[in-house]
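>>> here's a sequence, model it:
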Amino acid sequence: MGTGFLGYLARRVGRVVLSLVAVSLITFTLLQLAPGNFADIQRISSGATTIGSAGTEDVVNAFESRYGADVPQWKQYLIFMKGAVTWDFGPSYKYPTLDVQEIIATAFPISATLALLSVILALLIALPIGVFAALRQNSPADHGMMFLVTLGHALPGFLSAAFLVLLFTATLHLLPSSGWQGPQNLLMPVLALAIGPAAVLARYVRSSMLETLREEYVTAAFAKGGPRRTVIIRHALRNSLIPLVTVVGPLLASLMTGTVFIEALFRIPGLGLYFATAAASRDMPLLMGSTLFFAVILMVTNLLVDLVYGVLDPRIRADGGGGPRRAGTGSGKDSAGRNGKDKDRGWVRSRRRKLSPPISAQEVQ
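As a prediction, this is how the structure comes out:
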């Protein structure tokens with residue numbers, strides 16, 4: 001495991017770094033191509049100039065100098081990358097008393113809390129629905145469950161949130177529509193965020209459960225007279241949940257970075273709300289810092305998912321992930337060429353294979 005695993009890890013980390021550089025460059029380029037900048041917005045909103053009048057040259061230069069618009073673009077990018085490496089993005093234009101890294105450190109835990117609670121709620125909803133539908137495949141109950149799941153998947157998060165506000169705030173007057181003061185402010189945002197992921201996970205659990213129920217070791221366990229509940233929970237469900245790692249990890253990361261509309265609707269001071277405000281005001285430091293931070297969360301989470309999957313599947317760990325070796329297959333030259341060709345993807349290749357059943361013949365008997 002040692003050499004192959006370390007080589008795989010080094011290659012993946014290198015790709016993450018290159019991807020982050022690409023994300024920063026693309027984001028910076030798109031922001032520069034967009035019309036206007038923060039200096040223009042502040043100059044107009046302050047009344048120094050109007051939309052129809054560009055103002056005097058001294059006023060324009062003063063605002064551009066204050067917000068760094070007079071610095072060449074290539075130099076702006078290098079300054080930003082230096083700040084990214086040292087975790088010092090400088091002050092936000094919109095919130096000049098706060099540095100960007102301070103905003104991220106304060107607001108991201110709120111977004112992460114929303115995402116984590118939403119994933120937990122989604123799992124609590126999806127597991128019983130997926131198992132119930134799989135055990136009653138092609139029955140009216142199965143079709144009804146899948147209809148509700150498809151409906152939940154089709155509904156956008158902000159539409160679900162608007163419906164919840166209309167029901168629990170405007171009609172029933174039970175929950176506050178905005179703020180971040182207590183548990184009562186969590187219920188509607190978490191539920192709105194959980195509906196879509198719950199639908200995705202329910203379909204995944206159903207599919208994985210159906211596949212596991214057709215395995216020979218499950219059939220053998222039933223044939224030996226094992227209690228139905230024990231066979232389903234201990235063998236079928238346990239094995240069906242392992243592949244969920246590849247779904248839950250990226251799903252959690254996407255929720256952490258995708259709460260913009262929910263936070264804006266419920267006025268929750270998470271990083272998504274700050275990101276939306278920065279986008280509206282063209283706050284370049286906050287936009288660039290938030291985007292790069294979101295990219296780090298997504299890429300690191302995907303990497304951790306691959307590593308955790310390797311821990312769960314022993315065959316991925318074999319020979320550093322090159323897969324189980326077969327004695328006497330192919331010449332040395334062919335094996336060397338194949339190993340070199342698959343060097344970059346060998347460690348995770350076997351994660352696509354079906355998991356070996358973790359029960360033995362003694363357990364079945």
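
>>> residue 177: how many residues sit nearby?
16 (other C-beta atoms under 10 Å). Every residue, glycine included, has its C-beta placed from N, CA and C.

>>> let me redo that: residue 220
17.

>>> what helix or strand does it sit in?
helix 216-223 (DSSP states H and E).

>>> can you name the next helix or strand after that helix?
Following helix 216-223 in sequence, per DSSP H and E, is helix 228-230.

>>> tell me the first helix or strand C-terminal of that following helix.
Counting by DSSP H and E, what follows helix 228-230 is helix 238-241.

>>> tell me what that following helix is packed against?
On a contact count with 3 or more C-beta pairs under 8 Å, 6 or more residues apart in numbering; DSSP states H and E, helix 238-241 meets helix 187-213.

>>> relative to helix 216-223, how tilted is the helix it packs on?
Orientation note: helix 187-213 sits at an angle of 80 degrees relative to helix 216-223 (axes from the mean of the first three to the mean of the last three C-alpha atoms, to 10 degrees).

>>> quick one: residue 106 is in a helix?
Yes. In this structure, residue 106 lies within a helix as judged by DSSP: H, G, I helix; E, B strand; the rest coil.

>>> tell me how far it lies from residue 78.
27 Å (C-beta to C-beta, to the nearest Å).

>>> same question, residue 108
From residue 108 to residue 78 the distance is 26 Å (C-beta to C-beta).

>>> what about those two, which has more around it?
Higher neighbour count among residue 108 and residue 78: residue 108, with 20 against 12, using other C-beta under 10 Å.

>>> surely that one touches residue 296?
No. At 10.9 Å, residue 108 and residue 296 do not qualify as touching, with contact defined as C-beta atoms under 8 Å.

>>> coming back round to it: flag every buried residue along the helix holding residue 220.
217-218, 220-222 (16 or more other C-beta atoms under 10 Å).

>>> what is the nearest of the residues you listed to residue 186?
Nearest to residue 186 among these, counting by C-beta to C-beta, is residue 218 at 39.1 Å.

>>> that closest one reaches residue 233, doesn't it?
No. Checked against C-beta under 8 Å, the pair residue 218 and residue 233 is beyond contact range at 11.8 Å.

>>> Provide a list of residues in contact with the closest residue to residue 118 other than its chain neighbours.
Nearest residue to residue 118 in three dimensions, chain neighbours excluded: residue 193, at 3.8 Å (C-beta to C-beta, 6 or more residues apart in numbering). Applying C-beta atoms under 8 Å, 6 or more residues apart in numbering to residue 193 gives the contacts 114-115, 118, 157, 255, 259, 262.

>>> how about a cut-off of 10 Å?
Going by C-beta atoms under 10 Å, 6 or more residues apart in numbering, residue 193 touches 114-115, 117-119, 121-122, 157, 160-161, 255, 258-259, 261-263.

>>> residue 35 now?
By C-beta under 10 Å, 6+ apart, the contact set of residue 35 is residue 282.

>>> same check, this time on residue 82
Taking C-beta under 10 Å, 6+ apart as the criterion, residue 82 is in contact with 88-89.

>>> one more time with 7 Å, if that's ok
Listed by C-beta atoms under 7 Å, 6 or more residues apart in numbering, the contact set of residue 82 is empty.

>>> let me know the helix or strand that it is in.
Judged by DSSP H and E, residue 82 forms part of helix 73-85.

>>> this completes my enquiry, with thanks.
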